[in-house]
Structure formats: structure tokens, C-alpha cells
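Got a predicted structure plus its sequence, pasted below:
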Amino acid sequence: MYKIGDKLKLSDNVKQFGNFTANIDYEIASQRLQDRKFVIFDNKNNPEYFDEKDLEFYFILIEEIKNSNNKLKNTKASHYNLWLDTDSIDIIKANLTQEEYIGALKFNILKYQLRLGKKDSIESDMEKIEDYKRELNSILGVK
């Protein structure tokens, strides 16, 4: 019944659940491969894992995202689209701690800087560097 991209809110009988609070919209970010649990980020941007029964108990579906409206972060790199129009970076983020994810972003920035123009075009590598920097800065609160 549930799928990646579905919009949820806490059900009326649940005012708070961990870092989840009423009157805030949440979204199913991904689904873990190993146990098929759905991943939703709480108010502190920590991933929480729910099976379908938990979702039905704690949340109500407020909006279904049609596949035609799903937008990949990098539409030019469709090879990173793993399933259900989900970017691999979102799945990586859901399965790492925030510190690990920050390290992964820094690693990719450095990797593309070191190989600049040696594999892909300089413009393509620069675009990737900027994408990773943008993501890192949003996590760190840098503008």
C-alpha cells in the first residue's frame, strides 16, 4: 500500500511519537533492501524505520505522489535511479548516520576534485562537486 514519496502525518490519536509531532508533513524517503522497512526522517533529520503495520498505526496517508511527479535529483544520471524513482543518494543517506553521510559527501567532493576532467568532462565533474557541496551545506546550515 505505501510507497516511496508518500506524504504522511501523525494520526489524530497520536500527538507525538519520538521526534515526530502532529501538524507536520512527513514523507517516505526510501525502503531498506534488507528488511523492506520504510524510512522516514524525523524532525531532527534522523532516519526512523517502520514496517507497514507501524505506518498504519502511527501515520495517515495525506497525499500520494504519482510517479509522473517524482523528480530525480540528477535526471542526467538515470543509472543512479534504483527503484520507484528514488536516487541512490537518498538510500545511502537513510542507511548512514548523519556523521557517516557527511563523510560520504566530503569523500565524493574530494574524489571529483582529484579526478577533475580525467574521466568525464570538467563541466560534468564540476556539476557533481557543486551538487555534493550543496547537499553538505544544507546539512551544515551553510548558505
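All right, it came through fine. Residues are numbered from 1 along each chain as shown.

Need the pLDDT of the nearest residue to Val14 once chain neighbours are set aside.
Spatial nearest neighbour of Val14, excluding adjacent residues (C-beta to C-beta, 6 or more residues apart in numbering): Tyr58 at 5.4 Å. C-beta: built from backbone N, CA, C; applies to glycine. Looking at Tyr58, its pLDDT reads 86.

Also the one 3 residues further on?
Looking at Leu61, its pLDDT is 84.

Domain map for this protein?
The record's domain split for the chain, according to automatic domain parsing, is 7-68, 96-140.

Check which residues of the lengthiest helix in the chain are buried.
Using DSSP state H, we find that the single longest helix of the chain is helix 122-140. Buried positions in helix 122-140, judged by neighbour count with 16 or more other C-beta atoms under 10 Å: Asp125, Lys128, Ile129, Asp131, Tyr132, Glu135, Leu136.

pretty sure Ser30 is in a strand, no?
Yes. Assessed with DSSP: H, G, I helix; E, B strand; the rest coil, Ser30 lies in a strand.

and it, how many residues sit next to it?
Each residue near Ser30 was counted by other C-beta atoms under 10 Å, and the total is 25.

Many thanks, I have nothing further to ask.
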